[in-house]
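Colleague: A structural model of the following input is requested.
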Amino acid sequence: MSYRDPDFDAISEAEIFNEARDRLDLCLDAESDNRQRAKEAMLFREGIGHWDNDYATTASQDTPELTINLTDALATRVINNIKQQRPRGKAHPVGDGADIEKAELINGIGRHVEYRSEASVAYDTAADCSVTGGWGYCRMISEFVAPDSFDKDLRILPIMNTFTVYFDPSAIMPAGQDARWVLISIKMKRAEYKRQFPRMDNAQWADSGRDTESADWENKEDIRIAEYFRITEKNEKLYLIRGRSGEEFARFKSDMPPDASLAAIGAQIVDERASLRRRVEWFKLNGTRVIDREIIPGTWIPVFRCQGNARDIDGKVRRRGMIEAMMDPQRMVDYGETAKIKRLGLSPQAQWVVAEGQLAGHPEWDDANRASFGVLTYKVVTVQTAQGDVPLPPPVRQQPAQVEAGFAEFVQGMRTNLLAVAGMPNEPGQDMQGQVVSGKAIQKRQGLSDQSHYQYYDNLTLMIAQLWRVMLEWIPHYYNKPGRVQRIIGEDGIPDMKTLNEAVEEEPGIITIKNDMSVGRYDVVMDTGPGYETRREEGAENLINLLQIEALAEIIAKTAPDLVFRSIDHPYMQEIADRLMANNPEGLKKIMAGLSNRARSLVQALANENQQLKQALAQAQQDLKLGLTKAHLDATVKAHDVEESNKTKRLDTMVRSHTALAVEEIKAGGKILDTHVQAGHDARAAERMIEAGETAESSNGKA
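Modeller: Numbers count the residues shown, from 1 in each chain. The predicted structure follows:
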C-alpha cells in the first residue's frame with residue numbers, strides 16, 4: 001500500500017517534468033537505431049518491405065512482386081514452442097520467519113494473480129516482441145478488487161506497443177532489474193485527451209511562452225501522457241529488533257513503532273546501523289504538469305523487459321530479434337519465385353504452328369487450345385519445288401516453355417539458406433520422399449531447433465522471475481488486512497480459500513497470527529518445462545503403468561485411488577475422483593478445509609460417529625469370529641472323539657475277528673499237525689513191527 005512522505009510531496013513539478021523530459025531524450029538518442037530496425041523487422045514479418053526497390057531484387061513495373069512470407073511462419077513456430085513450455089515462478093523461503101507452508105500460500109496467491117490477469121497474454125506478447133524486434137515488455141499494477149471494496153489486488157498487464165516504453169539505457173540485465181528509471185508514454189490527439197480525461201488540467205493550449213524543447217510533449221494537435229518511474233535512495237537508520245521468543249527482525253527508523261508498543265509486545269532494540277533506503281516513486285504527467293504521484297512498495301520498478309539478442313559494440317547496445325537476419329534470405333526467396341513466374345509467363349499462347357491456308361474452312365482450330373476434339377481436319381497445302389508439288393506438313397503443337405533446372409535449384413537453395421539462418425536446418429518436411437525417419441530422429445531435430453532459439457525462452461524466464469520478485473515485495477503491502485479471505489490456486493489449478501493474517505489464540509493469553517503475510521523473506525526459483533496439463537498427462541500414463549505392478553497397485557488403491565482418476569483428462573473422471581476422495585483420510589481433510597465452520601463441525605461429527613460405528617462393527621466381527629472359531633473347535637473335538645470311538649470299536653471288532661480266525665487256524669493247524677504226528681507214529685510203529693518180524697525170521701533160520 002502506498003504511503004506519503006513530506007519530502008516526496010515537496011518535490012516540485014518543474015523538477016519532475018524536466019527530469020522526465022531529459023531522460024526521454026536520452027533514451028531516444030541511445031535507442032533510436034534499435035527502434036528503427038525493430039520497426040522494420042515488425043513490418044517485414046507482416047509482409048511489408050520485402051521488396052526494397054533495389055535494382056537486383058525489385059521486379060519491373062509490368063511483372064508481379066510476390067511475397068512468400070516464410071519469416072512469419074518460422075517466428076510463429078518459435079513463439080508457439082515457448083507457449084507450450086511457459087516458465088512458472090515459485091517462492092522459496094529464505095529467512096526472517098519464512099517457512100515452506102507459507103511459501104506454498106504465497107505461490108497460491110501468485111497463481112491467483114496470474115489467473116485473474118490472464119498473465120499468459122502479457123508473457124506471450126513480450127516474448128513475441130522479443131523474437132520479432134529484439135525486446136518486449138509487460139508490467140504489474142495494483143487495483144481495487146471491486147468498485148465497492150477497499151481491498152486491493154494485483155494485475156499483470158501486457159504492453160502491446162513496445163515503442164511506448166522508454167527504458168533506462170544503462171540497464172544491462174536482460175529483465176531490466178537494474179533500471180533506475182522508466183517512462184511509459186503515448187501521444188494522443190487533444191480531442192481524445194479531453195474525452196478520456198475530462199477532469200485533468202492542461203486541456204487547453206496556447207502558443208505564448210512555449211519553448212522548442214516542449215514540442216515533443218505538447219503541441220496544438222497532440223498531447224503526451226506519461227507515467228514516470230524512478231528509484232531514489234536516502235540515508236536512514238536501520239534497527240535490529242529482538243522479540244519475546246528470541247526471533248529477530250530489522251526495521252527502518254521511519255517504520256518503527258513507538259517505544260511503548262515495543263515494550264507491550266516484549267520486543268527491544270538490540271542493534272542499529274546506518275543504511276540506504278531505496279524506494280520507487282511514480283508520477284503521472286500530461287503535457288507540462290505532474291497530475292498525480294505515489295510511492296510504490298518495494299525496491300524495483302514494476303516494468304519488466306523480455307530481451308532478445310543484445311550486443312554491446314563500442315559502448316552502444318545493439319538489440320535484434322530473429323527477423324532481421326532473415327530479411328535478405330527471405331527477399332531472395334521472393335525474388336526466385338517471382339523470376340520463376342516471370343519465366344513461365346513466356347510460354348506462347350498460340351500452341352499450334354500452321355502454314356497459311358491450312359485452316360481455311362475449319363473453324364474448330366480456333367478452340368483447339370481450350371477444347372478437346374476427337375478429330376482435327378486441316379486443308380492440305382502444297383508448294384512448288386524443283387521436284388514438283390510438295391505437300392506441307394500438318395499443324396505442329398508447340399511445347400510450353402520449361403522452367404530451367406537452375407531456377408528450381410536456386411529457389412530451393414534460398415529456402416535452405418533461410419531455414420539455416422532461422423536456426424531450423426534439416427526440418428522433417430525436408431526429407432526425401434520415401435525416406436523413413438524415426439520418431440527419435442525427429443525429436444532430436446526438434447531439440448536442435450529449440451537450442452537455436454533457447455535464448456528467447458531463457459530471457460522470458462528471467463523476466464517472469466523478476467516479476468515474481470516484485471510480487472513478493474508487494475504481497476505484504478496489499479494483502480495485509482487482518483482476516484482477509486483470499487482465493488489461492490494450487491499447482492493443479494484447483495482453487496481454495498485461505499484466511500490471511502488471522503489472530504488465533506493457541507493457548508490462554510497467547511495470540512499468534514496465522515498466515516501472517518508481513519513476516520518472512522523469500523526468493524524466486526523458476527519451474528520450467530512442460531506445463532501442468534502436459535505433466536498431468538504424463539503422470540496419468542505413469543500411474544497406469546504402476547497399476548500393472550501388483551504390489552504397487554495395492555498401495556495406490558488403498559492410499560490414493562482418487563489421484564489416478566483425477567490425472568485422467570476424460571469426462572466424469574473428476575466426479576469419480578471426488579467420490580473416492582471422501583473415502584481417504586487425507587482427501588476428507590482437504591474437503592473439510594474448504595467448508596464453513598458449521599458444515600465442518602457437522603461433517604466431523606458424522607465422521608466421528610462413522611468411526612465409532614466402524615470400531616463397533618470391527619469388534620463385533622472380531623467377537624463373531626472368535627465365537628465361530630470356538631464352536632468350530634468344539635465341533636471338531638467332538639467329531640474327533642466320535643471318530644476315535646468308532647475307530648476303537650472298529651479296531652476291537654477287527655481284533656476279535658482276527659483272533660477268532662487265528663484260533664480257528666491254530667485249531668485246524670493243530671489237527672493237521674496231530675494227524676501228521678499220528679501218521680508218523682504209526683509209520684514208525686509199522687517199521688518197528690517189520691524190523692521185529694525180520695529179526696524173528698532170521699533167528700528161526702539159524703536155529
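Colleague: quick check: phi and psi on residue 487?
Modeller: In this entry, residue 487 is assigned phi and psi values of phi -80, psi 130 (degrees, to the nearest 10).
Colleague: looking at the protein, which helix or strand is least sure?
Modeller: Across the helices and strands of the chain, mean confidence by mean pLDDT, DSSP states H and E is lowest for helix 439-452: a mean of 56.
Colleague: distance between the following helix or strand past that one and the chain's centre?
Modeller: Read in the C-terminal direction, the helix or strand following helix 439-452 is helix 454-478, with elements assigned using DSSP states H and E. Remark: helix 454-478 is offset 16 Å from the chain centroid, using Cα atoms, centre = their mean, to the nearest Å.
Colleague: mind listing what's buried in helix 454-478?
Modeller: By neighbour count on 16 or more other Cβ atoms under 10 Å, the buried set for helix 454-478 is 455-457, 459-478. Using the backbone N, CA and C atoms, a C-beta is placed for each residue, glycine as well.
Colleague: how near is the closest residue to residue 134 other than its chain neighbours to residue 111?
Modeller: Nearest residue to residue 134 in three dimensions, chain neighbours excluded: residue 319, at 3.8 Å (Cβ to Cβ, 6 or more residues apart in numbering). When distances are taken as Cβ to Cβ, to the nearest Å, residue 319 and residue 111 turn out to be 32 Å apart.
Colleague: can you read off the pLDDT for the nearest residue to residue 106 once chain neighbours are set aside?
Modeller: With sequence-adjacent residues excluded and distances taken as Cβ to Cβ, 6+ apart, residue 106 is closest to residue 91, at 4.6 Å. Per-residue pLDDT puts residue 91 at 91.
Colleague: same question for residue 294.
Modeller: What the model reports as pLDDT for residue 294 is 92.
Colleague: ok so it is a strand residue?
Modeller: Yes. Secondary structure of residue 294 (DSSP: H, G, I helix; E, B strand; the rest coil): part of a strand.
Colleague: ok, what's across the strand from it?
Modeller: When assigned by DSSP bridges, residue 294 has beta-bridge partners residue 282.
Colleague: gap between it and residue 8?
Modeller: Using Cβ to Cβ, which is the criterion applied here, residue 294 is 9 Å from residue 8.
Colleague: so what sits against both of the two?
Modeller: Shared between the contact lists of residue 294 and residue 8 (criterion: Cβ atoms under 8 Å, 6 or more residues apart in numbering) are residues residue 281.
Colleague: beta partners for the residue nearest to residue 134?
Modeller: Applying DSSP bridges to residue 319 yields these beta-bridge partners: residue 310.
Colleague: roughly how far does it sit from residue 409?
Modeller: Between residue 319 and residue 409 the computed distance is 36 Å (Cβ to Cβ).
Colleague: next one: residue 31
Modeller: In this structure, residue 31 and residue 409 are separated by 42 Å, where distance is defined by Cβ to Cβ.
Colleague: and the two? which has more neighbours close in?
Modeller: A side-by-side neighbour count of residue 31 and residue 409, using other Cβ atoms under 10 Å, places residue 31 first with 19 against 11.
Colleague: which element is the more buried one on?
Modeller: Residue 31 is part of helix 13-45 when elements are defined by DSSP H and E.
Colleague: pull out the buried residues from that helix.
Modeller: Taking 16+ other Cβ under 10 Å as the criterion, helix 13-45 shows 16-17, 20-21, 23-24, 27, 30-31, 34-35, 37-38, 40-42, 44-45 as buried.
Colleague: that one - what's its average pLDDT?
Modeller: Taken as a whole, helix 13-45 carries a mean pLDDT of 92.
Colleague: residues touching whichever helix or strand comes after that helix, excluding its own?
Modeller: Using DSSP H and E, the helix or strand that follows helix 13-45 towards the C-terminus is helix 70-84. Applying Cβ under 8 Å, 6+ apart, the set of residues contacting helix 70-84 from outside is 44-47, 120, 124, 127-128, 131-132, 321-323, 326-327, 330, 333, 415, 418-419, 422, 424, 450, 453, 456-457, 460, 530-531, 534.
Colleague: buried residues in helix 70-84, which are they?
Modeller: Neighbour-count burial for helix 70-84, with 16+ other Cβ under 10 Å as criterion, is recorded at 70-71, 74-75, 78-79, 82.
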